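pasted the sequence and its predicted model underneath.
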Amino acid sequence: MSSQDSALELGEVGAEVPMKRQASGQQMRLGAGVVQNGVDIPCMHRCDMDEGALRELFESFDENGDGFISKEEMDNVSKSTKYYSVVRRALKSPEYRNSEKINYSEFSRYIAENASFSARYGHHIEFGIVCLFFIIIALAFIYGDEKEVECSDNPDPITLDDGHEYQRTDLPTCTERWTVIDTMYFGAVTVTTVGYGDFGPSNDGMKVFTIFAIFIGVGLIGSIIAGAASEMLEAQQQKLLDKMDDDPDDLDSPHGWKIFFSIFTILIFVFLGAIFFALNEDWTYLDAVYWSFVTTTTVGYGDLSLEKESSRLFSFFYIITSTMVVAGMLGNLASIKMEMEMEKKQKELLARKLDMSMIAEMDKDGDGVDAGEFLAANLVWLGKVTDRDCEPILAKFHELDEDGSHLLDADDLAKLKADAEAAAAAEAQAKA
């Protein structure tokens, strides 16, 4: 088989892969990569991108949708786009220099082999930042603060003849160092903004430290954890919705299943915590459910406190996980009404008959309605964009379309390139 035939076969696969949503059963993991429809895609585990993001990035470069990224297409891509420089280097490399184009498999493989350190290990870096944050919290509070506890030599409660016990209110308090588990628990209620108030700094220096810890914890650490939880939940939810959608081609999404998934997930986390804390803290089941619900919604009244260190250790993982998951599920429920209204608008728009008033409204340049104007007008009617969003983009298109053909063809691109080179030469001459 010649290299040209081989490239053609890979090109046919590359043209198909970006355009089709793959079912989870159609991919098989091998080593550090993924084999999908016979094509090895190693990037997903090495360049910090999941399949959907990688496919979307490829399609953003592949403007004509032929399954290849060419040098001409890269000329229209912003240099600030993720992996722009990597794809540019790929097209200039000896491996692809003759064809001057790469398909989806080649694109993925080259990015995996040449991505930057941060792109390859982004999730690992984020995990390291989170761990470092909690280590700093632990060291600061263990060596910089103390917590108040009951003194071990306090007298026993006074028992009266009627059997009631009374404890003196003027007993002294003792202090001791925070434990590692105490600091983990405090860090968790800080970054999730639960804030019970049962643990906190006791001196001025640690109060200043806590101000900065809150700023970093809520702003950075919380967003990292929330992003990871959202990514995991969206993947699982999409698998369920894909299975339950009886007609993927229509505009109706399975909202009922989305509501079920959201409520079921919330209840799972609430009752999981309730069972543990009812048993471990010797609470009534109602108190345990109440505490779990107050915690997962980040309300955090602080009227019930965890007395056992084992409870605080479990709550470190429980609070971080449950608050992020429940926040995502509540966001799901809030978005359903908006999604249903959007679907209704889409149906009304598709059922609407085209008339002269609609054409006049779409035709921005007075020479008929082209595909771009039709698309822009419909997006405006759906409320996804506004006229002010579309007008500068269409104006830029007409500026680039120098021959007025309503198409940016090779002649337009050649003219743009020549103008850019002439401007660069003039600037260099002026400096000289």
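That came through fine.

for the helix or strand harbouring residue 259, packing partners?
According to DSSP states H and E, residue 259 maps onto helix 255-280. Here helix 255-280 touches helix 222-244, helix 285-296, helix 309-351, going by 3 or more Cβ pairs under 8 Å, 6 or more residues apart in numbering; DSSP states H and E. The C-beta positions use only the backbone N, C-alpha and C, and glycine is treated the same way.

list the buried residues of the shortest one.
For helix 285-296, the buried set under the neighbour-count rule, 16 or more other Cβ atoms under 10 Å, comprises 287-296.

which one of these is nearest residue 65?
Nearest to residue 65 among these is residue 296, at 44.2 Å by Cβ to Cβ.

my read: the closest one touches residue 269, true?
Yes - between residue 296 and residue 269 there is a contact under Cβ atoms under 8 Å: 5.7 Å.

what sits in contact with each of the two?
322, 325-326 (Cβ atoms under 8 Å, 6 or more residues apart in numbering).

next, format the residues you listed as CSV and append neighbour count and distance to residue 225.
Shown next, in CSV, are the shared contacts of residue 296 and residue 269 (neighbours: other Cβ atoms under 10 Å; distance: Cβ to Cβ, whole Å):
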residue, neighbour count, distance to residue 225
322, 26, 12
325, 20, 10
326, 22, 13
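
what about the helix holding residue 259, average pLDDT?
The average pLDDT within helix 255-280 is 91.

now do the helices in the stretch 51-200 of the chain.
Along the stretch 51-200 of the chain, the segments classed as helices by DSSP state H, counting those that start in this stretch run 51-61, 71-74, 84-92, 104-114, 117-120, 122-144, 180-191.

which among the ones you listed is found nearest to residue 340?
helix 51-61 (23.8 Å).

okay, the angle between the closest one and helix 104-114?
Between helix 51-61 and helix 104-114, the angle comes out at 110 degrees (axes from the mean of the first three to the mean of the last three Cα atoms, to 10 degrees).

helices or strands up against helix 51-61?
helix 104-114.

just the buried residues of stretch 406-424, please?
Buried residues in stretch 406-424 (16+ other Cβ under 10 Å): residue 408.

just the CA coordinates of that stretch, formatted as PDB?
Provided in PDB are the C-alpha atoms of stretch 406-424 (Å, rounded to 0.1, in the frame of the first residue of the first chain):
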ATOM      1  CA  HIS A 406     -20.100  36.300  -0.200                       C
ATOM      2  CA  LEU A 407     -17.400  33.700   0.100                       C
ATOM      3  CA  LEU A 408     -13.900  33.900   1.500                       C
ATOM      4  CA  ASP A 409     -12.100  32.000  -1.200                       C
ATOM      5  CA  ALA A 410      -8.500  31.500  -2.100                       C
ATOM      6  CA  ASP A 411      -8.200  34.800  -3.900                       C
ATOM      7  CA  ASP A 412      -9.400  36.700  -0.800                       C
ATOM      8  CA  LEU A 413      -7.000  34.800   1.400                       C
ATOM      9  CA  ALA A 414      -4.100  35.400  -1.000                       C
ATOM     10  CA  LYS A 415      -4.900  39.100  -1.100                       C
ATOM     11  CA  LEU A 416      -5.000  39.300   2.700                       C
ATOM     12  CA  LYS A 417      -1.700  37.500   3.000                       C
ATOM     13  CA  ALA A 418      -0.100  39.800   0.400                       C
ATOM     14  CA  ASP A 419      -1.400  42.900   2.300                       C
ATOM     15  CA  ALA A 420      -0.100  41.600   5.600                       C
ATOM     16  CA  GLU A 421       3.400  40.900   4.000                       C
ATOM     17  CA  ALA A 422       3.400  44.300   2.400                       C
ATOM     18  CA  ALA A 423       2.500  46.000   5.700                       C
ATOM     19  CA  ALA A 424       5.200  44.000   7.500                       C
END
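
give me the contact list for it.
72, 75-76, 370, 372, 397, 400-403, 405.

next one: stretch 218-232
Residues external to stretch 218-232 that are found in contact with it (Cβ under 8 Å, 6+ apart): 50, 123, 126, 129-130, 133, 190-193, 320-321, 324-325, 327-328.

greatest separation within the residues you listed: which pair is it?
50 and 190 (29.6 Å).

give me the more crowded residue out of these two.
residue 190 (22 against 14; other Cβ atoms under 10 Å).

which residues touch the more buried one?
Counting by Cβ under 8 Å, 6+ apart, residue 190 makes contact with 137, 210, 213-214, 217-218.

can you check residue 302 too?
Taking Cβ under 8 Å, 6+ apart as the test, what residue 302 contacts is 195-198.

swap in residue 289?
Residue 289 neighbours (Cβ under 8 Å, 6+ apart): 270-271, 274.

just among the contacts of residue 302, which is most surrounded?
Result: residue 196 is most packed of these (other Cβ under 10 Å), 21 neighbours.

returning to what we had before: rebuild the helices and strands packed on helix 255-280 as JSON lines, extending it with distance to residue 91.
Below are these laid out as JSON lines (distance: least, Cβ to Cβ, whole Å):
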{"stretch": "helix 222-244", "distance to residue 91": "30"}
{"stretch": "helix 285-296", "distance to residue 91": "50"}
{"stretch": "helix 309-351", "distance to residue 91": "38"}
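
winner for burial among those?
Highest mean neighbour count of those: helix 285-296, a mean of 19 (counted as mean count of other Cβ atoms under 10 Å).

and the angle from that helix to helix 309-351?
Using the same axes, to 10 degrees: helix 285-296 against helix 309-351 is 60 degrees.

which stretches of the protein have low pLDDT?
1-50, 79-82, 96-99, 115-116, 119-120, 152-171, 245-252, 355, 364-365 (pLDDT under 70).

touching, residue 70 and residue 100? I think so.
Yes - Residue 70 lies in contact with residue 100 (Cβ under 8 Å); the separation is 6.1 Å.

overlap in contacts of those two?
residue 91.

out of the two, which sits in the busier spot?
residue 70 (17 against 14).

tell me the contacts of the nearest residue to that one once chain neighbours are set aside?
With Cβ to Cβ, 6 or more residues apart in numbering as the criterion, residue 70 has its nearest non-adjacent residue at 4.4 Å, and that residue is residue 101. By Cβ under 8 Å, 6+ apart, the contact set of residue 101 is 68-71, 91.

repeat that for residue 100.
70-71, 91.

hmm, back to that, which of the shared contacts of residue 296 and residue 269 sits closest to residue 106?
residue 325 (37.9 Å).

the closest one reaches residue 267, doesn't it?
No - counting by Cβ under 8 Å, residue 325 sits too far from residue 267 to count as a contact (11.5 Å).

how much space between the closest residue to residue 138 other than its chain neighbours and residue 127?
Using Cβ to Cβ, 6+ apart and skipping the chain neighbours, the partner closest in space to residue 138 is residue 183 (4.0 Å). Distance from residue 183 to residue 127, counting by Cβ to Cβ, to the nearest Å: 19 Å.
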